[in-house]
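Undergrad: Build the 3D model from these lines:
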Amino acid sequence: MEIKKRYIFIYGILVTILLMGCLIFTSNNKVKADPIDLTEEENEKIIYLTFDDGPSILTNNILDILKEKNIKATFFLIGNQISDQKAVVKRIYKKGHSIGLHTYSHNYKRIYSSKENFINEMLKCQNEIYNIVGIKPDVIRFPWGSHKKLNQNFLNMLHKNNFRVYDWNAFMSDGINYKTPVNKLYMEATKTTITKHPIILLMHCDYMHKNTCKALPMVIEYYKRKGYEFKIIEEDTPEQFFPFKIKR
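TA: Predicted coordinates for the structure are as follows:
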């Protein structure tokens, strides 16, 4: 009997050591594989609807759909389009949506000619928004994404200016081809639900994105059926940006 108890005790110790080893291995692999911020939301059903390249006349159509569905979203605005669409910007703000910065000119060569130019573009866009609704947003999105543009030094510079970076992990190809069929846009927007949490969905709301407006109600209903909570990007939303190599 004593021998049997001793074997059970030893077996229990071995199982415990094995489980601890598995946890350590998994944890280490997770850190190495994903340098993006890992948040407590990562296992929750949360989606952020985000729209780039507004404001435009068509942005009103997006806002109408969001109102009908009782959903809030985040709009990354281009500064040089704001003066002609003041009413749209005011509506975005008054209806409780979030506003982000998407540079002033959206001109690739100008924006990415230097880090200083990039920051000045964001500050100029921020000032345009402030003149309309009296707020200075600090959430930003790189035109065409931060991949191969962001590094630790650049990120530090952005943080010194109180900017926070938000890319995406799901998207419609409306930014590549605004004529993309509605069904394809829908399939693109809903195919990453298994692996990505929270979901940050990239869409566009410039004047030509009519198919985006047609696909949006179906996308919203899909995520509602799946039990997702819709959130806006705001001050306490953890940054989410594409991984970059850290030089040692």
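Undergrad: Dump stretch 200-208 to CSV, keeping only the CA atoms.
TA: Output of stretch 200-208 as CSV, limited to C-alpha atoms (Å, rounded to 0.1, in the frame of the first residue of the first chain):
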residue,chain,number,x,y,z
ILE,A,200,-10.1,45.9,-36.6
LEU,A,201,-11.9,46.1,-39.9
LEU,A,202,-10.6,48.5,-42.6
MET,A,203,-13.1,50.0,-45.0
HIS,A,204,-13.2,53.3,-47.0
CYS,A,205,-15.8,56.1,-47.3
ASP,A,206,-14.5,58.3,-50.1
TYR,A,207,-17.1,59.5,-52.7
MET,A,208,-16.6,56.5,-55.0
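Undergrad: tally of neighbours for the nearest residue to Trp144 once chain neighbours are set aside?
TA: Once flanking residues are discounted, Trp144 sits nearest to Tyr108: 7.1 Å by C-beta to C-beta, 6 or more residues apart in numbering. Bear in mind the C-beta positions are built from the backbone N, C-alpha and C, glycine included. Number of residues near Tyr108 (other C-beta atoms under 10 Å) recorded here: 11.
Undergrad: Other residues contacting the helix or strand where Phe230 lies?
TA: Using DSSP states H and E, Phe230 sits within strand 229-231. Identification of contacts with strand 229-231 by C-beta atoms under 8 Å, 6 or more residues apart in numbering yields 44-49, 71-73, 198, 220, 223, 237.
Undergrad: Could you identify the most distant pair in the residues you listed?
TA: Ile220 and Thr237 (19.7 Å; C-beta to C-beta).
Undergrad: The two: who's more crowded?
TA: Remark: of Ile220 and Thr237, Ile220 carries more neighbours, 22 against 19, as counted by other C-beta under 10 Å.
Undergrad: can you pull the contacts of the more buried one?
TA: 49, 65, 69, 71, 230.
Undergrad: That one sits in which helix or strand?
TA: Ile220 belongs to helix 210-225, assigned by DSSP H and E.
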